[in-house]
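**Q** Got a predicted structure plus its sequence, pasted below:
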Amino acid sequence: MKISEKVAAIYDRLDGEPLNPVWISLVPRANALARAHEIENSPMSVLAGMTFAVKDNIDVAGMPTTAGCPAYAYTLASSATVVQRLVNAGAIPIGKTNMDQFATGLVGTRSPFGACSSVYDERYISGGSSSGSALAVAKGLVTFALGTDTAGSGRVPAAFNNLIGLKPTRGLLSTSGVVPACRTLDCVSVLASNCLDAHKVWSAVKGFDPLDPFSREPRAGEDAAPWLNAPFHFGVPRTEQLEFFGDEEAKALYAKAVSRIEQIGGQKVEIDFSVFRSAAELLYEGPWVAERLAAIHSFVQNHSTEMNPVVRGIIAGGNRFTAVDAFQAEYRLLDLRRDAAKQWSTMDVLVLPTTGTIYTHEQVAADPVKMNANLGYYTNFVNLMDLAAVAAPAGFRSNGLPFGISFIGPAFSDEALLALAHRYLGEQAPLLERTPGCANLAVVGAHLSGQPLNSQLTRRGARLKKTCRTAPGYRLYALAGSKPAKPGLARDDEFQGPGIEVEVWTIPEDQFGSFTAEVPKPLGIGNVTLDSGESVKSFICEPYALASSTEITQFGGWRAYLASSKK
């Protein structure tokens with residue numbers, strides 16, 4: 001189907017559906033079709049033909065931005081940086097979506113444009129605040145959608161609609177052109193039906209933006225995830241710290257998800273979740289509520305009667321905090337981050353339920369603040385702790401409602417988390433061609449597991465990826481006079497042996513230089529072809545040293561040679 005036909009089909013569907021509660025405004029059909037024809041007649045771009053929706057607290061040129069509050073509406077001639085980058089990459093905006101007013105809520109019901117429901121059962125909430133964005137994807141109206149996520153607003157609606165919800169590292173996606181909620185914590189999030197689409201979008205829009213004072217990029221090594229393609233440790237809360245609010249099926253689905261992660265190479269580690277919960281409590285019980293007030297202070301002063309009463313009550317509550325409260329809370333958060341570092345020393349990734357349960361509209365209406373707080377039990381701490389997260393589907397309850405889990409990691413682990421979620425969901429082809437921020441290194445001798453120099457790898461955070469062989473055409477030598485004993489690997493294109501046993505380690509790129517500095521002559525680092533055809537960095541030996549060394553190719557590897565020499 002041509003791109004223009006795809007776009008026309010979307011508008012044909014929209015003509016038969018009410019605008020609310022998914023959409024607040026639509027790009028005119030003629031404009032979207034014109035853009036589709038333009039892309040069809042131009043060179044293919046990264047996101048060519050992908051359609052998307054935009055949460056209505058993110059600016060789109062020529063369209064009103066309401067933030068879920070008609071009295072607040074304004075229209076600009078320019079788009080938010082993330083929207084413009086998507087358009088430049090070939091994506092086609094369809095419209096702006098419903099949301100909890102001023103991005104204050106995890107329920108998706110606090111909007112004058114209507115309350116959104118889960119696509120699986122209209123009696124249940126869709127989750128918020130990116131409620132309409134999630135529904136636009138779940139209904140198949142767009143390929144992906146932009147949301148925002150300050151306390152879980154991009155992850156909760158993903159869980160309630162069986163989607164991928166990417167909450168990037170703070171500052172990695174520009175928030176220029178986004179109506180602030182808590183400006184120091186806000187993130188633009190991505191909602192998609194699969195990790196591949198989410199990764200394409202993330203790749204197209206990430207990057208430094210001089211217009212955003214909170215924009216940042218990873219320093220060398222910050223995005224390294226050597227654990228990704230190796231056995232990894234994942235943290236789960238202690239049993240008594242798990243909370244499902246009486247939802248026994250959610251509890252069972254979480255246990256099933258944990259077992260699945262173990263099957264794909266994860267090693268479960270119980271951690272103390274209380275430190276993360278303590279941070280979460282700061283978000284709405286501490287002075288970060290005052291930051292929500294700071295974002296729209298003059299509007300609240302002049303238009304408070306035009307706001308949703310629940311939203312108004314939460315944001316106006318920021319008046320009770322002082323500057324002293326703000327500093328004390330910041331000190332408390334720094335203490336909690338230090339305590340959390342102890343938990344992170346035992347795990348590579350944290351795996352949590354995205355929410356403990358799901359609620360009906362009736363339940364939320366009866367106690368909107370408490371229900372909202374319950375939904376943030378596993379989400380509210382993430383931005384305060386400067387973490388990245390990916391929400392992923394994790395099965396269905398017997399009543400047909402979806403359940404989700406979240407993979408959570410340190411700042412700049414976005415790609416690794418997406419790749420892990422992709423593997424968890426059973427996708428055969430890996431999401432990434434290489435491990436983020438890392439190099440693959442084949443070792444043949446004293447750096448093998450259990451050998452004298454292996455610590456040179458492990459103390460740099462390297463992880464064992466696999467044991468395999470080189471391609472045919474390599475010879476192995478025991479180097480004369482080396483201490484500790486070392487082998488030398490050399491290529492011989494005329495030799496067709498069975499290949500030499502090697503271990504392939506994944507080492508952070510920012511550690512690779514100091515590692516190679518420790519490599520003594522006659523050894524060096526070069527390229528070696530594995531039996532899979534893959535080319536990796538490896539130890540090689542300068543030819544001059546081979547004449548005085550003993551060839552041990554016939555043993556097939558260093559371990560076998562050492563075992564033979566002990567007999």
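**A** Looks like it arrived, so ask away. It should be emphasised that the depicted structure is a prediction, and the values quoted were computed from it without experimental measurement.

**Q** and V201, what does it touch?
**A** Residues touching V201, when contacts are defined by CB atoms under 8 Å, 6 or more residues apart in numbering, comprise 47, 50, 52, 86, 91, 144, 190, 192. Backbone N, C-alpha and C define where each C-beta goes, glycine included.

**Q** Give me the three-state assignment for the fourth one.
**A** So the one you mean is L86. For L86, the secondary-structure state derived from DSSP: H, G, I helix; E, B strand; the rest coil is helix.

**Q** What's the local residue count around it?
**A** Other residues within reach of L86 by the criterion other CB atoms under 10 Å amount to 24.

**Q** What about P231, how many residues nearby?
**A** 12.

**Q** pLDDT score for it?
**A** At P231, the predicted lDDT confidence score is 92.

**Q** Next, give phi and psi for it.
**A** Dihedral angles phi and psi of P231 (degrees, to the nearest 10) take the values phi -60, psi 130.

**Q** just the one 3 residues further on next, same as before
**A** The phi/psi pair for F234 (degrees, to the nearest 10) reads phi -120, psi 130.

**Q** residues in contact with it?
**A** For F234, the contact set (CB under 8 Å, 6+ apart) comprises 261, 266-269, 347-351.

**Q** hmm, back to that, which members of the contacts of V201 occur in strands, if any?
**A** Secondary structure assignment by DSSP state E places 52, 144, 190, 192 of the contacts of V201 in strands.

**Q** Top of the residues you listed by number of neighbours, please.
**A** V190 (34 neighbours).

**Q** my guess is it contacts W202, does it?
**A** Yes: counting by CB atoms under 8 Å, a contact exists between V190 and W202, whose distance comes to 6.1 Å.

**Q** quick one: common contacting residues for those two?
**A** When contacts are counted by CB under 8 Å, 6+ apart, V190 and W202 have 166, 168 as shared neighbours.

**Q** what does the longest helix along the chain rub up against?
**A** Scanning the chain for the helix with the most residues, using DSSP state H, yields helix 323-344. For helix 323-344, the external contacting residues (CB under 8 Å, 6+ apart) are 235, 271-272, 275-276, 278-279, 282, 286-288, 290, 384-386, 410.

**Q** Give me the phi and psi for the residue nearest to the spatial centre of the chain.
**A** The residue lying closest to the centre of the chain (CA atoms, centre = their mean) is D414, at 3.6 Å. Dihedral angles of D414 (phi, psi; degrees, to the nearest 10) stand at phi -50, psi -50.

**Q** Next: T65.
**A** Note on T65: its backbone torsions stand at phi -110, psi 120 [degrees, to the nearest 10].

**Q** cool, L489 as well?
**A** The phi and psi torsions at L489 (degrees, to the nearest 10) take the values phi -110, psi 130.

**Q** Also the one 10 residues further on?
**A** G499 has phi and psi values of phi 100, psi 150 when expressed as degrees, to the nearest 10.

**Q** A442 against I500, yeah?
**A** No: in this structure, A442 sits apart from I500 without contact. The criterion is CB under 8 Å, and the distance is 9.4 Å.

**Q** So for the two, which residues contact both of them?
**A** Shared contacts of A442 and I500, counting by CB under 8 Å, 6+ apart, come down to T470.

**Q** one step back: flag every buried residue along the longest helix of the chain.
**A** By neighbour count, and taking 16 or more other CB atoms under 10 Å as the criterion, the buried residues in helix 323-344 are 329, 333, 336, 340, 343-344.

**Q** Which helix or strand lies directly C-terminal to it?
**A** Proceeding N to C from helix 323-344, the next assigned helix or strand is strand 349-353, under DSSP states H and E.

**Q** Provide the angle between the direction of that following strand and the direction of helix 323-344.
**A** If you take axes from the mean of the first three to the mean of the last three CA atoms, to 10 degrees, strand 349-353 sits at 110 degrees to helix 323-344.

**Q** my read: I500 touches V444, true?
**A** Yes: shown here, I500 and V444 form a contact pair, counting by CB under 8 Å, at 6.3 Å.

**Q** who touches both of these two?
**A** Among the neighbours of I500, those also in contact with V444 (CB under 8 Å, 6+ apart) are 476, 489, 557.

**Q** residue contacts, the last one?
**A** Listed by CB under 8 Å, 6+ apart, the contact partners of G557 are 444, 469, 476, 500-502.

**Q** Against C182, how distant is it?
**A** Separation of G557 from C182 (CB to CB, to the nearest Å) stands at 56 Å.

**Q** One more: the second one?
**A** Plainly put, L489 is 55 Å away from C182 if you go by CB to CB.

**Q** who has more neighbours, these two?
**A** L489 (24 against 20).

**Q** which residues in the stretch 351-500 of the chain form strands?
**A** Along the stretch 351-500 of the chain, the segments classed as strands by DSSP state E, counting those that start in this stretch run 387-396, 402-410, 438-443, 463-469, 474-478, 487-491.

**Q** Tabulate those (a markdown table), appending mean pLDDT and distance to T150.
**A** Below are the strands of the stretch 351-500 of the chain laid out as a markdown table (pLDDT from 0 to 100; distance: least, CB to CB, whole Å):
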| stretch | mean pLDDT | distance to T150 |
| --- | --- | --- |
| strand 387-396 | 98 | 12 |
| strand 402-410 | 98 | 15 |
| strand 438-443 | 96 | 31 |
| strand 463-469 | 96 | 33 |
| strand 474-478 | 96 | 54 |
| strand 487-491 | 95 | 52 |
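
**Q** I'd like to know which of those strands is closest to V60.
**A** Smallest distance to V60 across the strands of the stretch 351-500 of the chain (CB to CB): 24.6 Å, for strand 387-396.
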